[in-house]
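Asker: Build me a model from this:
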Amino acid sequence: MERKADAWPEDWEIIVAGFSEEHGPAIRYMASADIHGIPDIEPFKFIDTGGELCGGAMPETVQAIDPDLMADATVNGLAKIAVPLFEAMRAVPGPNPARPELPPVHGIGGHIDHTVLTMDGGRTERIHTWPDVVGEKIRPL
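Answerer: You can find the predicted model right below:
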């Protein structure tokens, strides 16, 4: 699918993380353009990242989370660890996937939604919102 040049002022990416009762950890990734230059990442198409639990963050930030909270998340879901996990990820700038030649950026922001899908339907709860302003740089501190 081609992107209209005026549809968005900047390219974007989204990462959806979760746990499946049948398959365990799952991470799906999508971008608005071929921002990584990798042929297998087609714009506007979700891809399975193989369950890597660091998408969007530097691995050391995930390792800094309380191991008991991480262990609990594998049994009881991500809701309890979402805020500390994403706060840790948000605090550390990472490479800009759309413009790797530029300095690192803080790329975690906006809000955290916790969605539970079951055979009977689904529900979404907004569990955290940051005071970020759309179109402005994220300033975590």
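Asker: pLDDT averaged over the one helix or strand residue 29 maps to - what is it?
Answerer: Element membership for residue 29 (DSSP states H and E) is strand 24-31. Averaging pLDDT along strand 24-31 yields 76.
Asker: got the buried residues for stretch 78-95?
Answerer: 78, 81, 82, 85, 86, 87, 88, 89, 90, 92 (16 or more other CB atoms under 10 Å). No exception for glycine: its C-beta is placed from N, CA and C like everyone else's.
Asker: Just confirm the fourth one is within a helix.
Answerer: Put plainly, it is residue 85. Yes - applying DSSP: H, G, I helix; E, B strand; the rest coil, one finds residue 85 inside a helix.
Asker: Return the subset of the buried residues of stretch 78-95 lying in helices.
Answerer: Among the buried residues of stretch 78-95, the members falling in helices (DSSP state H) are 81, 82, 85, 86, 87, 88, 89, 90.
Asker: hang on, the earlier thing: now render the buried residues of stretch 78-95 as a markdown table, adding pLDDT and distance to residue 109.
Answerer: Formatted as a markdown table, the buried residues of stretch 78-95 follow (pLDDT from 0 to 100; distance: CB to CB, whole Å):
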| residue | pLDDT | distance to residue 109 |
| --- | --- | --- |
| 78 | 76 | 18 |
| 81 | 82 | 18 |
| 82 | 84 | 14 |
| 85 | 81 | 14 |
| 86 | 85 | 9 |
| 87 | 87 | 11 |
| 88 | 82 | 14 |
| 89 | 82 | 10 |
| 90 | 86 | 7 |
| 92 | 83 | 13 |
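Asker: Tell me the one of those nearest residue 117?
Answerer: When the buried residues of stretch 78-95 are compared for distance to residue 117 (CB to CB), residue 78 comes out closest, at 13.0 Å.
Asker: quick one: average pLDDT of whichever strand or helix holds residue 128?
Answerer: Take DSSP H and E as the rule and residue 128 turns out to sit in strand 121-129. Across strand 121-129, pLDDT averages out at 93.
Asker: which other helices and strands contact that strand?
Answerer: Other helices and strands packing on strand 121-129, by 3 or more CB pairs under 8 Å, 6 or more residues apart in numbering; DSSP states H and E, are helix 79-91, strand 111-118.
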